[in-house]
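Chemist: predicted structure and sequence below. I'll ask about it afterward.
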Amino acid sequence: MKSLFTVLPFALVLAACQPGSDSSGDRPQEVVQPANPDDPQNPDSKSTSEPSVTVSLDREAEPGAVMVRITKDNSSFGIETVERLEVSSGTSVSVPVNGVDVVDRLTTSRNDLRPWHYKYVIHTNHGQLVKEVRVLKDWTLAESVRISDFKIESNRIELRKLILKEGAVLITEGRDLQIDADELRSDAYTSLQTFTAKDIEMSNTTKVPGQGGGRLILNFKYATGLLKIEMRGHRGSRGEKGIDATQERPAQAASGTAGAFHPGFPGGLDNGGERPSCVRQPTDGQRGANGVAGADGFNGFQGGSSGSLYLTLQSARFFDYEVVFVPGEGGEGGEGGKGQPGGLGGPAGASAPLCRKAKAGADGASGATGLKGQQGAVGILGEFCLTVGSKGTSCVTRDRFSGGL
């Protein structure tokens, strides 16, 4: 997904920078390690000229680029080699040494929000120096982006400036996220969202509660503009269908009994005879057994938590915020299981002359479908904690907040 990542002026860790203003005096944090006394190149203890260098930055117009310049503070020593060590990965590269100054051009991907963090190991003919440079980037957004599109350090983003232009939307995707910035500038119609409405509509989780909005921690030294934050949770999964009853029918019901016929006696009634007759009527077949009902559906899963928001402002000017909390809906209850088919009725008893005709037994009723499961519970409503300057922290749980400073 395309994003706008603009490296504007950089911030240096521990550099003095007034919120809301552009500082041109930023300098990298410097850590000088003492030379090894056992090193044969270590200057004599009587030497009055210790090696010393200054590390400065030249900011470039190209996004994702900065120039680091290493300058000798005096001419009593020579720089032999310079090694740049990346702190996070431990990898190192050699920096060319040409002339008096050593110039190193650092570049990074537009989607890499991690600070530049390097150690320069400077080997001189009078010993070794180590300088540490950690430079924060600026992040400018003007469209909808997802946090998974960017490289960050763990779940934390450290910035000098976070600039949200009109139309900017940052989607956190429900992960725990902390954003620390010296300055926030936000135009109208910008927002931070845990999930979009379409994300929630298209969610297809199975057999789990809805995904929550996570913990969003925003720490700004200075803020101005209008910021809208939408904390939403996913809908819970639908409950599972109830178990179907066996689909094998019960055993067929018993048959009716056969009828019996008496043929009578010859000679007629005048000579002591009997007429033919039905001496036993056939019986109907027995009714089939009813089927067993299916099991009830399972209840829907709970919706995801809205997530919680922690906003800290050291200072602000013309800053307004609007926060909405929407927990995820509970999942729909599962359908009931299918009932067992009823048993077949028994066959009719065999007929006989002069007897009535018997009927086959009725089939048993099919088992009832199980009841639908209950809808899952709505997700938990998260908290909103606001800290402004030295006024302390207030935390409230409610579905909507707005305010200004």
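Modeler: Ah, there it is.
Chemist: residue 205 contacts residue 234, doesn't it?
Modeler: Yes: at 6.8 Å, residue 205 and residue 234 qualify as touching, with contact defined as CB atoms under 8 Å. Where C-beta positions appear, they are placed from N, C-alpha and C, glycine not excepted.
Chemist: between these two, which contacts overlap?
Modeler: residue 211 (CB atoms under 8 Å, 6 or more residues apart in numbering).
Chemist: neighbour count for these two, which is higher?
Modeler: residue 234 (26 against 16; other CB atoms under 10 Å).
Chemist: residues touching the more buried one, list them.
Modeler: 174, 195, 199, 200, 203, 205, 210, 211, 212, 303, 304, 328.
Chemist: could you find the closest non-adjacent residue to the second one?
Modeler: Okay, so that is residue 195. Excluding the flanking residues, the one nearest residue 195 by CB to CB, 6 or more residues apart in numbering is residue 232, at 5.1 Å.
Chemist: okay, that neighbour: pLDDT?
Modeler: Per-residue confidence (pLDDT) for residue 232: 96.
Chemist: now swap in residue 61 and tell me
Modeler: The model's pLDDT for residue 61 equals 76.
Chemist: do the same with residue 304
Modeler: 95.
Chemist: over to residue 111?
Modeler: 92.
Chemist: also residue 287?
Modeler: 95.
Chemist: what comes up buried for stretch 122-132?
Modeler: Using 16 or more other CB atoms under 10 Å as the test for burial, stretch 122-132 gives 122, 123, 124, 126, 127, 128, 129, 131, 132.
Chemist: no wait, stretch 176-195
Modeler: 176-186, 190-195.
Chemist: run the chain-centre distance for that stretch.
Modeler: Put simply, stretch 176-195 sits 17 Å off its chain's centre (CA atoms, centre = their mean, to the nearest Å).
Chemist: end-to-end on that stretch?
Modeler: With CA to CA, to the nearest Å as the measure, the ends of stretch 176-195 fall 13 Å from one another.
Chemist: contacts only, for the residue positioned nearest the centre of the chain.
Modeler: Centroid check for the chain by CA atoms, centre = their mean gives residue 174 as the closest residue, at 3.6 Å. Residues near residue 174 by CB under 8 Å, 6+ apart: 194, 195, 211, 212, 213, 214, 233, 234, 304, 307.
Chemist: 6 Å instead?
Modeler: 194, 211, 213, 214 (CB atoms under 6 Å, 6 or more residues apart in numbering).
Chemist: ok so, going back, how close does the residue nearest to residue 195 sit to residue 198?
Modeler: 11 Å (CB to CB, to the nearest Å).
Chemist: residue 357 now?
Modeler: When residue 357 is compared with residue 198 (using CB to CB), they lie 68 Å apart.
Chemist: so residue 383 makes contact with residue 308?
Modeler: Yes: counting by CB atoms under 6 Å, residue 383 does reach residue 308; the two are 4.9 Å apart.
Chemist: where does the stretch 301-405 of the chain dip in pLDDT?
Modeler: Of all residues in the stretch 301-405 of the chain, none has pLDDT under 70.
Chemist: what are the ranges of the strands in it?
Modeler: With DSSP state E, counting those that start in this stretch as the definition, the stretch 301-405 of the chain shows strands at residue ranges 308-326, 384-388, 393-396, 400-404.
Chemist: same question for stretch 256-275, mean pLDDT?
Modeler: Rounded mean pLDDT across stretch 256-275 is 77.
Chemist: now do the contacts for residue 121.
Modeler: So residue 121 contacts 83, 130 (CB under 6 Å, 6+ apart).
Chemist: wait, doesn't residue 147 sit right on residue 178?
Modeler: No: if you go by CB under 6 Å, residue 147 and residue 178 don't touch, sitting 11.5 Å apart.
Chemist: quick check: bridge partners of residue 137?
Modeler: Beta-bridge pairing of residue 137 under DSSP bridges involves residue 159.
Chemist: give me the number of residues near it?
Modeler: Neighbours of residue 137 (other CB under 10 Å): 24.
Chemist: name the nearest residue to residue 405, sequence neighbours excluded.
Modeler: residue 316 (4.0 Å).
Chemist: neighbours of the one you found, how many?
Modeler: Around residue 316 there are 21 residues (other CB under 10 Å).
Chemist: gap between it and residue 131?
Modeler: With CB to CB as the criterion, residue 316 and residue 131 are 35 Å apart.
Chemist: can you check residue 264 too?
Modeler: 130 Å.
Chemist: what of residue 99?
Modeler: 18 Å.
Chemist: again, but for residue 364
Modeler: From residue 364 to residue 131 the distance is 89 Å (CB to CB).
Chemist: repeat that for residue 170.
Modeler: In terms of CB to CB, residue 170 sits 34 Å off from residue 131.
Chemist: same check, this time on residue 404
Modeler: 43 Å.
Chemist: for residue 157, same thing?
Modeler: Residue 157 is 25 Å from residue 131, by CB to CB.
Chemist: what is the nearest of the contacts of residue 234 to residue 227?
Modeler: residue 195 (17.8 Å; CB to CB).
Chemist: which secondary structure state is assigned to that closest one?
Modeler: coil (DSSP: H, G, I helix; E, B strand; the rest coil).
Chemist: please enumerate the helices of the chain.
Modeler: Assigned by DSSP state H, the chain shows helices spanning 197-201.
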